[in-house]
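Q: Any chance you could fold what I've pasted below:
(one chain, ligands or ions: 1)
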Amino acid sequence: MICQIFFKMLNKVCVFTIPCAPKRMGKKISMKKALFFVSNWKMYLSYQANVALYQQYEKQLASTITTTGHTLIVCPAVSALATITHTKSAPFYLSGQTCAAYSHGAYTGETDAQSLRELGCTYCIVGHSERRVYHHETDEIVAHQAQQLLNQGLIPIVCIGETREEKKSSQTHAVIARQLTAVTKVIHASTVPYLLVAYEPVWAIGSGQLPHQHEVESVFGFIRTLTHALNIPPIKLLYGGSINQSTVDYLKNTKNLDGFLVGKTSIDVAAYKAVIQACSW
Ligand code: PGA
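A: Predicted coordinates for the structure are as follows:
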């Protein structure tokens, strides 16, 4: 909701626009908080299909994002970033899906953080479980990637989460502590306003299975305790793994939740719009 104050000064009418709580019939109505939606398109689509999907986002999601106040972060294939950034007009943010752990040099096939910034990115995912598993990215590599992003003023979206075996052996908190501590070591001097941390149980990604809400709340509480004493920017907590039209309702009221990281559903614009609308007032 927007509240406008008109103020006459020197025969000119100045208009100040400030956010204020919505009111109906003189009574305050409750307003859900604005959330982050991170759309991870992975390698689902070709270059041309990435560009076409982004155009669909602009047509079908821009007004939803504007009216809800949510933040939409799009992570297309790196090959499509230049085209998208040059044609972009909607109030969406762009993100890389990963970046190099080095600033530049003889690292065939890598994408450096400076290029991501020059390509219009504000954010970049690091530590996604698919990178940890298929590309053997360790906690230390993820920390160096985050460091490269911070050096360029980009905001890391740090993915953490336990495997099914680790969950079964009650190691969830230990794994999260290990993954997060590695990254927090490098971000003390950061000037970014906040960090996004996505809790993504590896077993929930693409499986259709969700953790219980109380399990996510327990992990979020643990992360808050872990990061509380550290001199790092504020943390925004996201959940990721099998979020779609039917599952989002179960987790959208999770305590301390600041948003979702969405994979497969984010390439189906209608389904994704329904997810975003389900979290809107
Ligand atoms: P999913 O992927 O939404 O398809 O489960 C989430 C992710 O990998 O981040």
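Q: partner residues bridging F36?
A: Per DSSP bridges, the residues bridged to F36 are T71, G259.
Q: tally of neighbours for it?
A: 22 (other CB atoms under 10 Å). The C-beta positions use only the backbone N, C-alpha and C, and glycine is treated the same way.
Q: Pretty sure I187 sits in a strand.
A: No - assigned with DSSP: H, G, I helix; E, B strand; the rest coil, I187 falls outside any strand and is coil.
Q: so it sits right up against N151, yeah?
A: No - with contact defined as CB atoms under 8 Å, I187 does not count as touching N151 (11.0 Å).
Q: Would you mind telling me which of these two has the busier surroundings?
A: I187 (21 against 14).
Q: what residues are up against the more buried one?
A: When contacts are counted by CB atoms under 8 Å, 6 or more residues apart in numbering, I187 touches 146-147, 150, 156, 195, 232-233.
Q: So which residues of the protein form strands?
A: In the chain, the strands defined using DSSP state E lie at 2-9, 12-19, 23-24, 27-28, 36-40, 71-75, 93-96, 121-126, 155-160, 195-199, 235-240, 259-262.
Q: Up against the ligand, what does the stretch 101-250 of the chain have?
A: By CB under 6 Å from any ligand atom, the residues of the stretch 101-250 of the chain that approach the ligand are 200, 205-206, 240-243.
Q: Out of those, which end up buried?
A: Neighbour-count burial (16 or more other CB atoms under 10 Å) applied to these gives 200, 205, 240-243.
Q: want to throw these into JSON lines with pLDDT?
A: Output for these, formatted as JSON lines (pLDDT from 0 to 100):
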{"residue": "E200", "pLDDT": "98"}
{"residue": "I205", "pLDDT": "97"}
{"residue": "G240", "pLDDT": "98"}
{"residue": "G241", "pLDDT": "98"}
{"residue": "S242", "pLDDT": "97"}
{"residue": "I243", "pLDDT": "98"}
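Q: Can you flag which of these belong to helices?
A: Among those, no member falls in helices (DSSP state H).
Q: Lowest mean pLDDT among the helices and strands, pick that one out for this structure.
A: strand 12-19 (a mean of 28; mean pLDDT, DSSP states H and E).
Q: tell me, which helix in the protein spans the most residues?
A: Max-length helix for the chain by DSSP H is helix 47-68.
Q: quick one: buried residues of that helix?
A: Buried residues in helix 47-68 (16+ other CB under 10 Å): 50-51, 53-54, 57, 61, 65, 68.
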